[in-house]
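Engineer: just a sequence and a predicted model for now, questions to come.
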Amino acid sequence: MIDFKSEAEAMREKLVALRRDFHQHPEIAFEEVRTSGIVADELRKLGMEVQTGVGKTGVVAILEGDKDGPTVLVRADMDALPIHEENQTEYVSKNAGKMHACGHDGHTAIALGVAQLFANHRESMKGRIKFVFQPAEEIGSGATAMINDGVLENPRPDVSLGLHLWNTMPLGILGVADGPVMAGSSSLGIVITGKGGHAAIPHNCIDPVPVAAQIILALQTIVSRNISPQESAVVSITKMIASDADNIIPEQVTLRGTMRFFRVETRDLIEKRIREIATGIATAMNCTVAFEFHHATIPVVNNPNVSAKARETFKKLVPANKMVMQEPTTGGEDMSLLMNDIPGMFFFVGSANDARGLNYGHHHPKFDFDEDVLPLSVALLASAVADYVIES
């Protein structure tokens, strides 16, 4: 039996060094050239077959065992966010206006650690591990780009595994729920067109601003009156673009926003109602309306069999009372697309430490996590993978 916990702890120094290097040099969506280069170099040193440029800046590596068996996909996201970091650490971002504010620097280091562990035990492996280092998770486009480049083929995975460091939970607490654990995410745009003119003579105009205001209010009835009270959904208008001057009635008003859902059927209903409500109001007020929907992600849904297997394995590494069937989050993750028709599990590892002030939320300019989570996460993810590729 491989002692993944001890072996992961032994690589602590390297894990921290990798994470801090990635943190100092953050790269946003589809710009992860330096990061993917380091990842590819590290994997080649382990003797893996490495493919770069998958989904623009993604990296795929396959570790083959000595015996035939299943293919397990292990995924890590690499991209940072367009945020100016406000931390004062020695490893603070060197790239102005860019920051790893969601833990992806940790995810990349963790997956490299898992790769190292299994490279050390290749002779005990059956089947193969397909390591997927994905770009552009933050804009919900990286998984699609990699899928379009064939990441789920040759070979096709039998199971998919991934994790997310989670600063809303204390260090060492695991979120290991079945079913939907993260919401699907779509963005929406509504362009309302009227007739612009001077604000002093509104009767000669068709003002799209009050039309937009009525639409914004009416859209709130979708969740309260069209979605079952036993189901969760979110519709938020977050941006309104109108005139640039106080005395101009604009020709157009643009609304932007987001919708979150835990079933694709709910997403489709929300889109249908947005179109119906906005069109009805605009038509009644002599305006026209156009729509734009971008369905970035679908819900992350854990397969109950894969999750149950992982939970039993995790009990060997952490006490059972450290594992929680946490409430689903309305945050989105395009790991969902890699798990869409491949049974998988996406779990959360608590990374916050209140005593050290490492408790800012994701996407905050002071986000940081307790690096003790790195070896723990390597051990957890490696143990879950081992259930499929290491002979007992």
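Structural biologist: Looks like it came in fine. Numbering: from 1, shown residues only.
Engineer: list the buried residues in the longest strand along the chain.
Structural biologist: Ranked by number of residues, the top strand in the chain under DSSP state E is strand 179-193. When burial is assessed from 16 or more other C-beta atoms under 10 Å, strand 179-193 yields the following buried residues: 180-188, 190-193. Bear in mind the C-beta positions are built from the backbone N, C-alpha and C, glycine included.
Engineer: biggest helix in the protein by residues?
Structural biologist: Identified as the longest helix of the chain according to DSSP state H is helix 264-284.
Engineer: now find how far off-centre it is within its chain.
Structural biologist: Relative to the centre of its chain, helix 264-284 is centred 27 Å away, using C-alpha atoms, centre = their mean, to the nearest Å.
Engineer: how about stretch 300-316?
Structural biologist: Between the centre of stretch 300-316 and the centre of its chain there are 19 Å (C-alpha atoms, centre = their mean).
Engineer: please renumber so the chain begins at 387
Structural biologist: Fine by me, first position is 387 from now on; the one you just mentioned is stretch 686-702.
Engineer: outside of the longest helix of the chain, which residues touch it?
Structural biologist: 570, 572, 574, 576, 578, 597, 600-601, 604-605, 607-608, 612-613, 617, 619, 621, 645, 647, 674-675, 677, 679, 681, 684-685 (C-beta atoms under 8 Å, 6 or more residues apart in numbering).
Engineer: just the buried residues of those residues.
Structural biologist: Listed as buried from the contacts of helix 650-670 are 570, 572, 574, 576, 578, 597, 600-601, 605, 608, 613, 619, 621, 645, 647, 675, 681, 684-685; burial here means 16+ other C-beta under 10 Å.
Engineer: what is residue 571 paired to in the beta sheet?
Structural biologist: Counting by DSSP bridges, residue 571 is bridged to residue 646, residue 683.
Engineer: quick one, what contacts it?
Structural biologist: Applying C-beta under 8 Å, 6+ apart, the residues contacting residue 571 are 526, 644, 645, 646, 682, 683, 717, 718.
Engineer: quick one: the strands in the stretch 437-586 of the chain?
Structural biologist: Here the stretch 437-586 of the chain has its strands, by DSSP state E, counting those that start in this stretch, at 444-450, 453-463, 512-520, 545-556, 560-561, 565-579, 583-584.
Engineer: the longest one vs strand 545-556, what angle?
Structural biologist: Just to be clear, that refers to strand 565-579. Interaxial angle of strand 565-579 relative to strand 545-556 (axes from the mean of the first three to the mean of the last three C-alpha atoms, to 10 degrees): 80 degrees.
Engineer: which residues of this protein score low on pLDDT?
Structural biologist: Filtered on pLDDT under 70, the chain yields the residue ranges 778.
Engineer: and with 50 instead?
Structural biologist: By pLDDT under 50, the chain has no low-scoring segment.
Engineer: quick one, domains of it?
Structural biologist: Following automatic domain parsing, one finds the domains of the chain at 390-564+689-775, 570-682.
Engineer: now residue 503. Nearest residue, chain neighbours left out?
Structural biologist: Closest residue to residue 503 apart from its sequence neighbours, by C-beta to C-beta, 6 or more residues apart in numbering: residue 768 at 4.9 Å.
Engineer: try residue 776
Structural biologist: In space, and not counting its chain neighbours, residue 776 is closest to residue 510: 5.4 Å by C-beta to C-beta, 6+ apart.
Engineer: ok, the one you found touching residue 387?
Structural biologist: No - in this structure, residue 510 is not within contact of residue 387 by C-beta atoms under 8 Å, at 10.2 Å.
Engineer: which of those two has more neighbours?
Structural biologist: More crowded of residue 510 and residue 387, by other C-beta atoms under 10 Å: residue 510, with 15 against 7.
Engineer: give me the neighbour count for the closest residue to residue 415 other than its chain neighbours.
Structural biologist: Distance criterion C-beta to C-beta, 6+ apart; nearest residue to residue 415, sequence neighbours excluded, is residue 522 at 3.7 Å. Neighbours of residue 522 under the rule other C-beta under 10 Å: 25.
Engineer: could you measure from residue 522 over to residue 428?
Structural biologist: Remark: distance between residue 522 and residue 428 (C-beta to C-beta, to the nearest Å) = 21 Å.
Engineer: still on that earlier bit, would you agree the residue nearest to residue 503 falls within a helix?
Structural biologist: Yes - applying DSSP: H, G, I helix; E, B strand; the rest coil, one finds residue 768 inside a helix.
Engineer: right, and it touches residue 504 too?
Structural biologist: Yes - with contact defined as C-beta under 8 Å, residue 768 reaches residue 504; the gap is 7.0 Å.
Engineer: mind checking how far the residue most central in space within the chain is from residue 490?
Structural biologist: Taking C-alpha atoms, centre = their mean, the centroid of the chain lies closest to residue 719, which sits 3.0 Å from it. Applying C-beta to C-beta, the value for residue 719 to residue 490 is 11 Å.
Engineer: equivalent analysis for residue 453, please.
Structural biologist: Taken as C-beta to C-beta, the span from residue 453 to residue 490 is 33 Å.
Engineer: how about residue 763?
Structural biologist: Between residue 763 and residue 490 the computed distance is 13 Å (C-beta to C-beta).
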